[in-house]
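1. sequence below, structure please.
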Amino acid sequence: MTEENITRINLNGKELILIGTAHVSKQSAEQVKEVIERERPDSVCIELDEQRYQSVMDSNKWREMDIFKVIKEKKATLLLMNLAISSFQNRLAKQFDIKPGQEMIQGIESAKESGANLVLADRNIQITFSRIWHNIGLSGKAQLLSAIFLSIFSKDTISEEDLEKMKSQDTLNTILAEFTKSFPKLKTPLIDERDQYLAQKIKDAPGDKVVAVLGAAHIPGIKVEIYKEHDLEVLSQKPPKSIVPKIIGWAIPLLIISVIAYTFFANPSAGFDQALSWILWNGTLAAIGAAVAFGHPLAILSAFIAAPITSLYPLLAAGWVSGIVQAYIRRPNVGDFETLSEDVFTIKGFWDNKVTRILLVVVLTNLGSTLGTIIGGTEVIRVFLKSF
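-> Residues are numbered from 1 along each chain as shown. Next comes the predicted model:
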(Lines give C-alpha, C1' and ligand atoms only; values in the text may rest on other atoms or scores of the structure.)
Protein backbone atom coordinates (compact mmCIF):
# COMPACT_ATOMS: atom_id res chain seq x y z
CA MET A 1 0.00 0.00 0.00
CA THR A 2 1.38 3.42 -0.94
CA GLU A 3 2.00 5.89 1.89
CA GLU A 4 1.50 8.88 -0.42
CA ASN A 5 -0.72 11.56 1.18
CA ILE A 6 -0.55 9.72 4.55
CA THR A 7 0.92 11.27 7.71
CA ARG A 8 1.52 9.19 10.83
CA ILE A 9 1.80 10.85 14.26
CA ASN A 10 2.38 9.17 17.63
CA LEU A 11 1.00 11.29 20.45
CA ASN A 12 0.56 10.30 24.11
CA GLY A 13 0.37 6.60 23.27
CA LYS A 14 -2.07 7.13 20.38
CA GLU A 15 -1.35 6.52 16.73
CA LEU A 16 -2.92 9.16 14.49
CA ILE A 17 -3.08 8.44 10.75
CA LEU A 18 -3.97 11.48 8.63
CA ILE A 19 -5.09 10.91 5.03
CA GLY A 20 -4.80 14.02 2.86
CA THR A 21 -7.46 13.88 0.15
CA ALA A 22 -8.90 15.85 -2.75
CA HIS A 23 -12.64 16.28 -2.29
CA VAL A 24 -13.31 15.27 -5.91
CA SER A 25 -10.79 12.49 -6.38
CA LYS A 26 -11.71 8.87 -7.06
CA GLN A 27 -8.19 7.85 -6.07
CA SER A 28 -8.62 9.54 -2.68
CA ALA A 29 -11.77 7.54 -1.97
CA GLU A 30 -10.01 4.29 -2.86
CA GLN A 31 -7.10 5.17 -0.60
CA VAL A 32 -9.44 5.90 2.32
CA LYS A 33 -11.04 2.48 1.93
CA GLU A 34 -7.66 0.74 1.70
CA VAL A 35 -6.20 2.48 4.77
CA ILE A 36 -9.19 1.86 7.05
CA GLU A 37 -9.47 -1.80 6.03
CA ARG A 38 -5.78 -2.33 6.69
CA GLU A 39 -5.34 -0.31 9.89
CA ARG A 40 -8.62 -1.30 11.63
CA PRO A 41 -8.70 1.94 13.68
CA ASP A 42 -10.72 2.50 16.86
CA SER A 43 -12.06 5.76 15.44
CA VAL A 44 -12.44 7.38 12.03
CA CYS A 45 -12.57 11.19 11.92
CA ILE A 46 -14.01 12.89 8.86
CA GLU A 47 -13.89 16.53 7.82
CA LEU A 48 -17.64 17.10 8.15
CA ASP A 49 -19.88 18.80 10.67
CA GLU A 50 -23.33 17.55 11.64
CA GLN A 51 -25.13 19.68 9.04
CA ARG A 52 -22.96 18.50 6.14
CA TYR A 53 -23.03 14.92 7.41
CA GLN A 54 -26.84 14.93 7.30
CA SER A 55 -26.73 16.33 3.77
CA VAL A 56 -24.33 13.58 2.68
CA MET A 57 -26.38 10.82 4.31
CA ASP A 58 -29.77 12.10 3.16
CA SER A 59 -29.67 13.44 -0.38
CA ASN A 60 -33.41 14.14 -0.13
CA LYS A 61 -33.03 16.41 2.90
CA TRP A 62 -33.73 19.47 0.73
CA ARG A 63 -37.36 18.33 0.59
CA GLU A 64 -37.71 19.11 4.30
CA MET A 65 -36.53 22.70 3.97
CA ASP A 66 -39.06 25.31 5.08
CA ILE A 67 -38.38 28.21 2.74
CA PHE A 68 -40.53 30.59 4.82
CA LYS A 69 -38.48 29.76 7.92
CA VAL A 70 -35.26 30.41 6.00
CA ILE A 71 -36.49 33.89 5.05
CA LYS A 72 -37.80 34.76 8.52
CA GLU A 73 -34.57 33.62 10.21
CA LYS A 74 -32.50 35.81 7.85
CA LYS A 75 -30.64 32.81 6.41
CA ALA A 76 -31.37 33.38 2.71
CA THR A 77 -27.88 34.72 1.93
CA LEU A 78 -26.18 31.96 3.92
CA LEU A 79 -28.21 29.26 2.18
CA LEU A 80 -27.47 30.80 -1.22
CA MET A 81 -23.74 30.74 -0.44
CA ASN A 82 -23.95 27.11 0.69
CA LEU A 83 -25.71 26.14 -2.53
CA ALA A 84 -23.20 28.09 -4.58
CA ILE A 85 -20.19 26.41 -3.00
CA SER A 86 -21.71 22.93 -3.24
CA SER A 87 -22.46 23.56 -6.91
CA PHE A 88 -18.77 24.25 -7.55
CA GLN A 89 -17.84 20.92 -5.98
CA ASN A 90 -20.63 19.11 -7.83
CA ARG A 91 -19.49 20.56 -11.17
CA LEU A 92 -16.00 19.16 -10.66
CA ALA A 93 -17.36 15.81 -9.52
CA LYS A 94 -19.63 15.61 -12.56
CA GLN A 95 -16.74 16.39 -14.91
CA PHE A 96 -14.70 13.50 -13.48
CA ASP A 97 -17.73 11.21 -13.13
CA ILE A 98 -17.47 10.80 -9.37
CA LYS A 99 -19.72 11.52 -6.43
CA PRO A 100 -18.89 14.81 -4.64
CA GLY A 101 -17.30 14.16 -1.28
CA GLN A 102 -16.87 10.48 -2.16
CA GLU A 103 -13.84 10.15 0.13
CA MET A 104 -15.93 11.33 3.10
CA ILE A 105 -18.76 8.95 2.17
CA GLN A 106 -16.18 6.16 1.91
CA GLY A 107 -14.82 7.09 5.33
CA ILE A 108 -18.31 6.85 6.81
CA GLU A 109 -19.03 3.50 5.15
CA SER A 110 -15.64 2.00 6.06
CA ALA A 111 -15.98 3.14 9.67
CA LYS A 112 -19.31 1.34 9.92
CA GLU A 113 -17.96 -1.80 8.24
CA SER A 114 -14.93 -1.97 10.52
CA GLY A 115 -16.90 -1.17 13.68
CA ALA A 116 -14.90 2.03 14.34
CA ASN A 117 -16.31 5.10 16.07
CA LEU A 118 -17.28 7.79 13.59
CA VAL A 119 -16.21 11.30 14.66
CA LEU A 120 -17.52 14.40 12.88
CA ALA A 121 -14.38 16.48 13.29
CA ASP A 122 -15.05 19.77 11.48
CA ARG A 123 -16.55 22.95 12.90
CA ASN A 124 -20.13 23.87 12.08
CA ILE A 125 -20.05 25.55 8.67
CA GLN A 126 -22.43 28.30 9.82
CA ILE A 127 -19.98 29.22 12.59
CA THR A 128 -17.17 29.37 10.02
CA PHE A 129 -19.24 31.58 7.70
CA SER A 130 -20.25 33.83 10.62
CA ARG A 131 -16.62 34.32 11.60
CA ILE A 132 -15.63 34.97 7.98
CA TRP A 133 -18.52 37.41 7.55
CA HIS A 134 -17.49 39.25 10.73
CA ASN A 135 -13.89 39.68 9.54
CA ILE A 136 -14.21 41.24 6.10
CA GLY A 137 -16.39 44.37 6.27
CA LEU A 138 -19.09 45.58 3.89
CA SER A 139 -16.94 45.83 0.74
CA GLY A 140 -15.42 42.45 1.58
CA LYS A 141 -18.86 40.87 1.81
CA ALA A 142 -19.73 42.14 -1.66
CA GLN A 143 -16.43 40.88 -3.09
CA LEU A 144 -16.81 37.53 -1.33
CA LEU A 145 -20.23 36.89 -2.87
CA SER A 146 -18.93 37.99 -6.27
CA ALA A 147 -15.88 35.72 -6.02
CA ILE A 148 -18.00 32.72 -5.13
CA PHE A 149 -20.57 33.21 -7.88
CA LEU A 150 -18.04 34.03 -10.59
CA SER A 151 -16.14 30.80 -9.81
CA ILE A 152 -19.29 28.74 -9.86
CA PHE A 153 -20.53 29.90 -13.23
CA SER A 154 -17.14 29.74 -14.92
CA LYS A 155 -17.29 27.56 -18.03
CA ASP A 156 -13.66 26.49 -17.69
CA THR A 157 -13.04 22.79 -17.25
CA ILE A 158 -10.53 21.45 -14.75
CA SER A 159 -7.58 19.41 -16.01
CA GLU A 160 -6.23 16.32 -14.27
CA GLU A 161 -3.19 18.42 -13.33
CA ASP A 162 -5.42 21.08 -11.78
CA LEU A 163 -7.28 18.37 -9.90
CA GLU A 164 -4.02 17.13 -8.39
CA LYS A 165 -3.25 20.70 -7.30
CA MET A 166 -6.64 20.79 -5.57
CA LYS A 167 -5.40 18.08 -3.22
CA SER A 168 -3.61 20.90 -1.42
CA GLN A 169 -6.81 22.93 -1.04
CA ASP A 170 -10.33 22.21 0.13
CA THR A 171 -13.37 23.34 -1.86
CA LEU A 172 -13.90 26.62 -0.06
CA ASN A 173 -10.19 27.41 -0.17
CA THR A 174 -10.13 26.77 -3.94
CA ILE A 175 -12.94 29.23 -4.61
CA LEU A 176 -11.51 31.91 -2.34
CA ALA A 177 -7.79 31.52 -3.14
CA GLU A 178 -7.50 34.92 -4.84
CA PHE A 179 -9.83 36.56 -2.37
CA THR A 180 -7.62 35.63 0.60
CA LYS A 181 -4.76 37.60 -0.97
CA SER A 182 -6.86 40.76 -0.75
CA PHE A 183 -8.28 39.87 2.66
CA PRO A 184 -5.58 38.06 4.69
CA LYS A 185 -7.90 37.99 7.73
CA LEU A 186 -10.04 35.47 5.87
CA LYS A 187 -7.38 32.80 6.33
CA THR A 188 -7.80 32.76 10.12
CA PRO A 189 -11.45 31.55 10.32
CA LEU A 190 -11.33 29.60 7.07
CA ILE A 191 -8.16 27.59 7.57
CA ASP A 192 -6.22 28.30 10.79
CA GLU A 193 -9.13 27.99 13.22
CA ARG A 194 -10.43 24.88 11.47
CA ASP A 195 -6.95 23.34 11.65
CA GLN A 196 -7.05 23.88 15.42
CA TYR A 197 -10.59 22.52 15.72
CA LEU A 198 -9.84 19.45 13.59
CA ALA A 199 -6.59 18.75 15.46
CA GLN A 200 -8.33 18.80 18.84
CA LYS A 201 -11.19 16.56 17.66
CA ILE A 202 -8.74 14.07 16.15
CA LYS A 203 -6.59 13.69 19.26
CA ASP A 204 -9.70 13.53 21.48
CA ALA A 205 -11.20 10.73 19.39
CA PRO A 206 -11.74 7.45 21.31
CA GLY A 207 -9.20 4.64 21.12
CA ASP A 208 -5.48 4.15 20.57
CA LYS A 209 -5.55 4.25 16.79
CA VAL A 210 -7.33 7.00 14.85
CA VAL A 211 -7.65 7.52 11.08
CA ALA A 212 -8.60 11.02 9.95
CA VAL A 213 -9.93 11.74 6.45
CA LEU A 214 -9.09 15.36 5.66
CA GLY A 215 -8.71 17.79 2.80
CA ALA A 216 -4.96 17.88 2.19
CA ALA A 217 -4.89 21.66 2.73
CA HIS A 218 -5.38 21.06 6.45
CA ILE A 219 -2.58 18.53 6.93
CA PRO A 220 0.33 21.02 7.37
CA GLY A 221 -1.62 23.07 9.94
CA ILE A 222 -2.89 20.04 11.84
CA LYS A 223 0.66 18.62 12.08
CA VAL A 224 1.54 21.77 14.06
CA GLU A 225 -1.69 22.26 16.02
CA ILE A 226 -2.02 18.60 17.11
CA TYR A 227 0.65 19.18 19.77
CA LYS A 228 -1.26 22.11 21.31
CA GLU A 229 -4.45 22.26 23.37
CA HIS A 230 -7.40 24.12 21.88
CA ASP A 231 -10.67 25.20 23.46
CA LEU A 232 -13.44 23.95 21.16
CA GLU A 233 -16.04 26.14 22.89
CA VAL A 234 -14.05 29.28 22.13
CA LEU A 235 -13.53 28.18 18.51
CA SER A 236 -17.28 27.50 18.20
CA GLN A 237 -18.43 30.88 19.42
CA LYS A 238 -20.15 33.19 16.99
CA PRO A 239 -18.39 36.57 16.85
CA PRO A 240 -19.94 39.20 19.13
CA LYS A 241 -22.30 41.50 17.32
CA SER A 242 -20.99 45.03 17.22
CA ILE A 243 -23.35 47.72 18.49
CA VAL A 244 -22.11 50.14 15.80
CA PRO A 245 -24.21 48.71 12.90
CA LYS A 246 -27.26 48.76 15.15
CA ILE A 247 -26.65 52.40 16.09
CA ILE A 248 -26.10 53.34 12.44
CA GLY A 249 -29.13 51.26 11.43
CA TRP A 250 -31.41 53.34 13.67
CA ALA A 251 -29.58 56.66 13.35
CA ILE A 252 -29.96 56.90 9.56
CA PRO A 253 -33.77 56.36 9.53
CA LEU A 254 -34.20 58.80 12.43
CA LEU A 255 -32.08 61.37 10.58
CA ILE A 256 -34.04 60.89 7.34
CA ILE A 257 -37.42 61.12 9.09
CA SER A 258 -36.33 64.20 11.08
CA VAL A 259 -34.96 65.99 8.03
CA ILE A 260 -38.08 65.30 5.94
CA ALA A 261 -40.42 66.27 8.81
CA TYR A 262 -38.55 69.54 9.45
CA THR A 263 -38.48 70.36 5.74
CA PHE A 264 -42.23 69.70 5.42
CA PHE A 265 -42.82 72.06 8.32
CA ALA A 266 -40.57 74.82 6.95
CA ASN A 267 -40.99 74.29 3.21
CA PRO A 268 -43.80 71.88 2.26
CA SER A 269 -42.86 71.85 -1.43
CA ALA A 270 -39.25 70.81 -0.68
CA GLY A 271 -40.51 68.29 1.87
CA PHE A 272 -42.74 66.72 -0.78
CA ASP A 273 -39.74 66.48 -3.15
CA GLN A 274 -37.70 64.78 -0.43
CA ALA A 275 -40.41 62.24 0.35
CA LEU A 276 -40.96 61.51 -3.35
CA SER A 277 -37.21 61.01 -3.93
CA TRP A 278 -37.01 58.66 -0.93
CA ILE A 279 -39.95 56.57 -2.13
CA LEU A 280 -38.87 56.42 -5.76
CA TRP A 281 -35.20 55.60 -5.15
CA ASN A 282 -35.92 52.98 -2.51
CA GLY A 283 -38.92 51.44 -4.21
CA THR A 284 -37.53 51.46 -7.74
CA LEU A 285 -34.12 49.95 -6.92
CA ALA A 286 -35.67 47.28 -4.68
CA ALA A 287 -38.17 46.45 -7.43
CA ILE A 288 -35.34 46.26 -9.97
CA GLY A 289 -33.57 43.79 -7.67
CA ALA A 290 -36.68 41.60 -7.51
CA ALA A 291 -37.12 41.90 -11.29
CA VAL A 292 -33.50 40.88 -11.96
CA ALA A 293 -34.27 37.74 -9.93
CA PHE A 294 -37.27 37.19 -12.26
CA GLY A 295 -39.63 37.59 -9.33
CA HIS A 296 -43.40 37.39 -9.82
CA PRO A 297 -44.97 40.79 -10.69
CA LEU A 298 -46.61 40.87 -7.25
CA ALA A 299 -43.24 40.20 -5.60
CA ILE A 300 -41.77 43.09 -7.60
CA LEU A 301 -44.67 45.33 -6.61
CA SER A 302 -44.33 44.33 -2.95
CA ALA A 303 -40.62 45.17 -3.11
CA PHE A 304 -41.48 48.65 -4.43
CA ILE A 305 -44.07 49.25 -1.72
CA ALA A 306 -42.11 47.75 1.17
CA ALA A 307 -38.63 49.21 0.57
CA PRO A 308 -39.34 52.89 1.46
CA ILE A 309 -40.98 51.69 4.70
CA THR A 310 -38.62 48.90 5.75
CA SER A 311 -35.60 51.14 5.11
CA LEU A 312 -36.88 53.30 7.95
CA TYR A 313 -37.38 50.32 10.28
CA PRO A 314 -34.18 48.21 10.64
CA LEU A 315 -35.99 45.20 12.11
CA LEU A 316 -37.61 44.54 8.74
CA ALA A 317 -36.21 44.13 5.23
CA ALA A 318 -37.85 44.58 1.85
CA GLY A 319 -36.41 41.27 0.67
CA TRP A 320 -38.29 39.37 3.36
CA VAL A 321 -41.55 40.84 2.12
CA SER A 322 -40.92 40.20 -1.58
CA GLY A 323 -39.44 36.76 -0.82
CA ILE A 324 -42.47 35.65 1.18
CA VAL A 325 -44.80 36.94 -1.56
CA GLN A 326 -42.74 35.05 -4.16
CA ALA A 327 -42.82 31.89 -2.02
CA TYR A 328 -46.61 32.04 -1.60
CA ILE A 329 -47.27 32.59 -5.30
CA ARG A 330 -44.54 30.32 -6.67
CA ARG A 331 -44.30 27.76 -3.90
CA PRO A 332 -41.52 25.21 -4.61
CA ASN A 333 -42.67 21.63 -5.19
CA VAL A 334 -40.89 18.34 -4.56
CA GLY A 335 -39.40 18.43 -8.06
CA ASP A 336 -37.67 21.76 -7.38
CA PHE A 337 -35.96 20.32 -4.31
CA GLU A 338 -35.04 17.11 -6.12
CA THR A 339 -33.32 18.98 -8.98
CA LEU A 340 -31.79 21.65 -6.76
CA SER A 341 -28.28 20.15 -6.69
CA GLU A 342 -28.27 19.92 -10.51
CA ASP A 343 -29.91 23.29 -11.17
CA VAL A 344 -27.25 25.23 -9.28
CA PHE A 345 -24.66 24.19 -11.89
CA THR A 346 -25.68 27.06 -14.15
CA ILE A 347 -26.92 30.62 -14.06
CA LYS A 348 -30.07 29.53 -15.91
CA GLY A 349 -30.68 26.80 -13.34
CA PHE A 350 -30.21 29.21 -10.45
CA TRP A 351 -32.88 31.49 -11.88
CA ASP A 352 -35.24 28.73 -13.07
CA ASN A 353 -35.45 26.67 -9.87
CA LYS A 354 -38.23 28.03 -7.63
CA VAL A 355 -36.15 27.55 -4.46
CA THR A 356 -33.12 29.51 -5.61
CA ARG A 357 -35.30 32.10 -7.33
CA ILE A 358 -36.95 32.87 -3.99
CA LEU A 359 -33.52 33.24 -2.37
CA LEU A 360 -32.41 35.49 -5.22
CA VAL A 361 -35.55 37.62 -4.84
CA VAL A 362 -34.74 38.09 -1.13
CA VAL A 363 -31.06 38.88 -1.64
CA LEU A 364 -31.36 41.11 -4.72
CA THR A 365 -34.36 43.02 -3.33
CA ASN A 366 -32.38 43.74 -0.16
CA LEU A 367 -29.38 44.81 -2.24
CA GLY A 368 -31.56 47.16 -4.28
CA SER A 369 -33.17 48.55 -1.15
CA THR A 370 -29.74 49.21 0.39
CA LEU A 371 -28.62 51.11 -2.70
CA GLY A 372 -31.93 52.98 -2.67
CA THR A 373 -31.39 53.98 0.97
CA ILE A 374 -27.93 55.35 0.18
CA ILE A 375 -28.98 57.27 -2.94
CA GLY A 376 -32.38 58.31 -1.59
CA GLY A 377 -30.88 59.45 1.74
CA THR A 378 -28.25 61.48 -0.11
CA GLU A 379 -30.99 63.10 -2.20
CA VAL A 380 -33.01 63.98 0.93
CA ILE A 381 -29.97 65.72 2.45
CA ARG A 382 -29.20 67.49 -0.84
CA VAL A 383 -32.73 68.93 -1.09
CA PHE A 384 -32.54 69.97 2.58
CA LEU A 385 -29.23 71.84 2.11
CA LYS A 386 -30.46 73.42 -1.12
CA SER A 387 -33.69 74.62 0.53
CA PHE A 388 -32.03 76.19 3.55
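2. what about the strands in the protein?
-> Using DSSP state E, the strands of the chain run over 6-11, 14-21, 43-46, 117-120, 209-215.
3. can I get the ones you listed in TSV including distance to Ile358 and mean neighbour count?
-> C-beta: built from backbone N, CA, C; applies to glycine. Converted to TSV, the strands of the chain look like this (distance: least, CB to CB, whole Å; neighbours: other CB atoms under 10 Å):
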stretch	distance to Ile358	mean neighbour count
strand 6-11	44	14
strand 14-21	35	22
strand 43-46	32	27
strand 117-120	30	17
strand 209-215	31	26
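4. for Leu312, find the nearest of the ones you listed.
-> Of all the strands of the chain, it is strand 117-120 that lies closest to Leu312, at 44.0 Å by CB to CB.
5. domain ranges for this protein, per the record?
-> 6-235, 243-387 (automatic domain parsing).
6. need those domains in a markdown table with mean pLDDT, can you?
-> Shown next, in a markdown table, are those (pLDDT from 0 to 100):
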| stretch | mean pLDDT |
| --- | --- |
| domain 6-235 | 77 |
| domain 243-387 | 88 |
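7. most neighbours per residue, which of the ones you listed?
-> Burial of the domains of the chain is given as mean neighbour count (mean count of other CB atoms under 10 Å); domain 243-387 ranks first at a mean of 19.
8. endpoints of it, how far apart?
-> One end of domain 243-387 to the other measures 34 Å (CA to CA, to the nearest Å).
9. then stretch 207-218?
-> 22 Å.
10. what of stretch 30-46?
-> With CA to CA as the measure, the ends of stretch 30-46 fall 15 Å from one another.
11. quick one: it to chain centroid distance?
-> In terms of CA atoms, centre = their mean, to the nearest Å, the centre of stretch 30-46 is set 30 Å apart from its chain centre.
12. what's in contact with that stretch?
-> 1-2, 5-6, 17, 19, 21, 53, 103-104, 106-108, 110-111, 114, 116-122, 198, 201-202, 205-214 (CB atoms under 8 Å, 6 or more residues apart in numbering).
13. between the strands of the chain, which gets nearest to Ala76?
-> Here strand 117-120 is closest among the strands of the chain (CB to CB), at 25.9 Å.
14. wait, Gly207 touches Val119, no?
-> No: between Gly207 and Val119 there is no contact under CB atoms under 8 Å: 10.0 Å.
15. what about the strands of the chain, which gets the closest to Ile71?
-> strand 117-120 (28.2 Å).
16. show me what that closest one is packed against.
-> strand 43-46, helix 102-114 (3 or more CB pairs under 8 Å, 6 or more residues apart in numbering; DSSP states H and E).
17. tabulate these in TSV, adding columns for distance to Glu379.
-> TSV is the format used below for the helices and strands packed on strand 117-120 (distance: least, CB to CB, whole Å):
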stretch	distance to Glu379
strand 43-46	54
helix 102-114	52
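18. could you measure from the spatially closest residue to Ile19 that is not a sequence neighbour over to Ile191?
-> Excluding its sequence neighbours, the residue lying closest to Ile19 (CB to CB, 6 or more residues apart in numbering) is Val213, at 5.3 Å. Val213 sits 17 Å away from Ile191, going by CB to CB, to the nearest Å.
19. looking at the chain, which residue lies furthest from center?
-> Going by CA atoms, centre = their mean, the residue of the chain most distant from its centre is Ala266, 48.3 Å out.
20. give me every residue that touches the residue nearest to Arg194 when sequence neighbours are not counted.
-> Spatial nearest neighbour of Arg194, chain neighbours left out: Arg123 (5.7 Å); criterion: CB to CB, 6+ apart. Applying CB under 8 Å, 6+ apart to Arg123 gives the contacts 49, 193-194, 197-198, 235-236.
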